[in-house]
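Visitor: got a predicted structure here, sequence first:
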Amino acid sequence: DQQVKQNSPSLSVQEGRISILNCDYTNSMFDYFLWYKKYPAEGPTFLISISSIKDKNEDGRFTVFLNKSAKHLSLHIVPSQPGDSAVYFCAAAPAGNNRKLIWGLGTSLAVNP
Amino acid sequence: KAGVTQTPRYLIKTRGQQVTLSCSPISGHRSVSWYQQTPGQGLQFLFEYFSETQRNKGNFPGRFSGRQFSNSRSEMNVSTLELGDSALYLCASTRLVAGGQFNEQFFGPGTRLTVL
């Protein structure tokens, strides 16, 4: 049972436009959410996170939105750049002592020049 | 500060063999997690070690095992390799902070294991 779902395996956008990557979760105990970016042959790198007490977190071109009632979060990249082409993973951590990350399957983003 | 290091970076083995992968976490990080990444399967959690003790375990068969040393370095072992074990194995370390706050994981570059 996939508790964190990234329903779009791939996404293609034009350079300069907005990229929107979506993530849905099923476990209401999740209280911390993270986005990681992964280039081929490298480990994932942390991008941005959001706590469940917020509905938005912004860091430069990257903004994460959280809709707790819909159990949905999204990552917006504006403007998109070719260097943003990578696989993006959404991950969630449950509240409590055992904060094991639960990962989505990833969305491959291609930003075309 | 040095990042998470994993050795070897690439490995080719044949079915039935065993393999040991090594991970050195970021200095000061005491939690080490291992993941398997295969195309279409995302990041599958293997196990987490903290202070030399396995704290969490994923749904992998007993052929997959791990350990952590007193210096926080960790190894994972896969015995009786199968073709389906071919994957990128990632190690991540975390700095735990008091108060129940969550801290992001820092990943190494991974070990690419190919089983022939």
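Guide: Sure thing, it's come through.
Visitor: the lowest-mean-pLDDT helix or strand in chain A pairs with which strands, and in what direction?
Guide: Using mean pLDDT, DSSP states H and E, strand A:102-103 stands out as the lowest-scoring helix or strand of chain A, at a mean of 90. Strand pairing for strand A:102-103, determined by DSSP bridges: strand A:86-94 (antiparallel).
Visitor: quick one, phi/psi of B:D85?
Guide: Backbone torsions of B:D85, given as degrees, to the nearest 10, read phi -80, psi -10.
Visitor: show me what contacts it?
Guide: B:V78, B:L113, B:V115 (Cβ atoms under 8 Å, 6 or more residues apart in numbering or on different chains). C-beta coordinates here come from the backbone N, C-alpha and C atoms, glycine included.
Visitor: next one: the first one from chain A, what distance?
Guide: Going back to what we said before, that points to B:V78. 19 Å (Cβ to the nearest Cβ, to the nearest Å).
Visitor: beta-bridge partners for that residue, please?
Guide: With DSSP bridges as the rule, B:V78 is bridged to B:V19, B:F64.
Visitor: quick one, what contacts it?
Guide: The neighbours of B:V78, taking Cβ under 8 Å, 6+ apart as the test, are B:Q18, B:V19, B:L21, B:R63, B:F64, B:S65, B:D85, B:L113.
Visitor: could you report the neighbour count for residue 91?
Guide: This is for chain A. As a burial measure, A:A91 scores 24 neighbours (other Cβ atoms under 10 Å in any protein chain shown).
Visitor: to clarify, I was referring to chain B.
Guide: The number of residues near B:C91, taken as other Cβ under 10 Å, comes to 30.
Visitor: B:E52 now?
Guide: Neighbours around B:E52, by other Cβ under 10 Å: 13.
Visitor: name the nearest residue to whichever residue of chain B sits closest to chain A, ignoring sequence neighbours.
Guide: Among the residues of chain B, B:F107 lies closest to chain A, at 3.1 Å counting by Cβ to the nearest Cβ. Among residues not flanking B:F107 along the chain, A:G43 sits closest, at 3.1 Å (Cβ to Cβ, 6 or more residues apart in numbering or on different chains).
Visitor: quick one on the thing from earlier: out of the contacts of B:V78, which end up buried?
Guide: B:V19, B:L21, B:F64, B:S65, B:D85, B:L113 (16 or more other Cβ atoms under 10 Å in any protein chain shown).
Visitor: ok, which pair from these is furthest apart?
Guide: Across those, the longest distance by Cβ to Cβ is 15.0 Å; it joins B:S65 and B:L113.
Visitor: which bits of chain B sit near chain A?
Guide: B:4, B:33, B:35, B:40-43, B:45, B:48, B:55-56, B:90-92, B:100, B:102, B:104-110, B:112 (Cβ under 8 Å from any Cβ of the partner chain).
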